[in-house]
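>>> Fold the following, please.
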Amino acid sequence: QVQLVESGGGLVQAGGSLRLSCAASGRTFNTYVMGWFRQAPGKDREFVAGISWSGDSTTYADSVKGRFTCSRDNVKNTAYLQMNSLKPEDTAVYYCAASRWVAIMATPTRYDYWGQGTQVTVSS
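Residues are numbered from 1 along each chain as shown. A predicted model of the protein is given here:
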């Protein structure tokens with residue numbers, strides 16, 4: 001069992017930056033692929049970024065490539081999403097999730113554990 005707690009969301013102006021953190025409980029954090037998803041009102045949950053268990057492989061949605069960076073610290077049991085050059089269309093609730101699949105998956109159903117979400121609002 002893994003429990004995930006996100007933090008770091010907030011209100012920021014367009015062009016600004018935020019760093020989200022996802023703290024995990026348990027001793028097996030380094031065996032999980034970690035993913036970041038977001039969900040805007042009235043829209044489906046969408047994949048944003050993912051990182052392999054070792055941290056040496058990352059994948060990003062086209063909409064955030066070059067602006068967002070996913071990382072992890074397996075000693076601190078924490079994953080991070082650095083978000084730069086934020087746009088109003090990035091406004092959503094952001095979730096981190098843990099998957100036991102070997103590969104980074106973009107499908108929410110491939111993830112076994114989810115955090116509670118953190119709101120990110122980007123004003124224009």
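
>>> Now do the host helix or strand of residue 122: everything it contacts.
Element membership of residue 122, judged by DSSP states H and E, is strand 118-123. Applying C-beta atoms under 8 Å, 6 or more residues apart in numbering, the contact partners of strand 118-123 are 6-14, 16, 18, 20, 38, 83, 86-95. Any C-beta I mention is one placed from the backbone N, CA and C, and that applies to glycine too.

>>> Would you mark the buried spots in that strand?
Within strand 118-123, the residues that qualify as buried are 118, 120, 122, counting by 16 or more other C-beta atoms under 10 Å.

>>> Turn those into a markdown table, columns for distance to residue 105 and pLDDT.
What follows is these, written out as a markdown table (distance: C-beta to C-beta, whole Å; pLDDT from 0 to 100):
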| residue | distance to residue 105 | pLDDT |
| --- | --- | --- |
| 118 | 21 | 98 |
| 120 | 22 | 98 |
| 122 | 27 | 98 |
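
>>> Now render those as CSV, adding distance to residue 100.
Output for those, formatted as CSV (distance: C-beta to C-beta, whole Å):
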residue, distance to residue 100
118, 23
120, 27
122, 32
